[in-house]
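Student: Could you look at this predicted model? Sequence included:
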Amino acid sequence: MNPYLKLAIAMLGGTNEAAQKLGVSRYSIYQWSQSIPLKRALQIEEMTNGQVLASQLKPEFFNELNRTINVPAA
């Protein structure tokens, strides 16, 4: 599991509390060990007041976004 997701879950009061606050099941949170949905990563960033960033939770998305944005014009 992503260490930032573990931190976010702890900050939100544990798995049960995090699931309740996010409006998802505990099972959904366990599934995020593979890949967290972007919507939830953004929601967690907001709920932790930016202490856990969406880019830390879903780096593959933001790395791809940065590559797309930084493509030089032809």
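Tutor: All right, it came through fine. Numbering: from 1, shown residues only.
Student: those helices in the chain, which residues are they?
Tutor: Secondary structure of the chain (DSSP state H): helices located at 3-11, 15-22, 26-31, 38-47, 54-57, 59-69.
Student: right, so these: which one is the most enclosed?
Tutor: helix 54-57 (a mean of 20; mean count of other CB atoms under 10 Å). Placement of C-beta: from N, CA and C, glycine included.
Student: which strands and helices sit next to that one?
Tutor: If you count contacts as 3 or more CB pairs under 8 Å, 6 or more residues apart in numbering; DSSP states H and E, helix 54-57 packs onto helix 3-11, helix 38-47.
Student: shaky segments in this structure?
Tutor: Applying pLDDT under 70 to the chain picks out residues 65-74.
Student: who's in contact with residue 16?
Tutor: residue 26 (CB atoms under 8 Å, 6 or more residues apart in numbering).
Student: And for residue 51, nearest residue in space, chain neighbours not counted?
Tutor: Excluding the flanking residues, the one nearest residue 51 by CB to CB, 6 or more residues apart in numbering is residue 11, at 6.7 Å.
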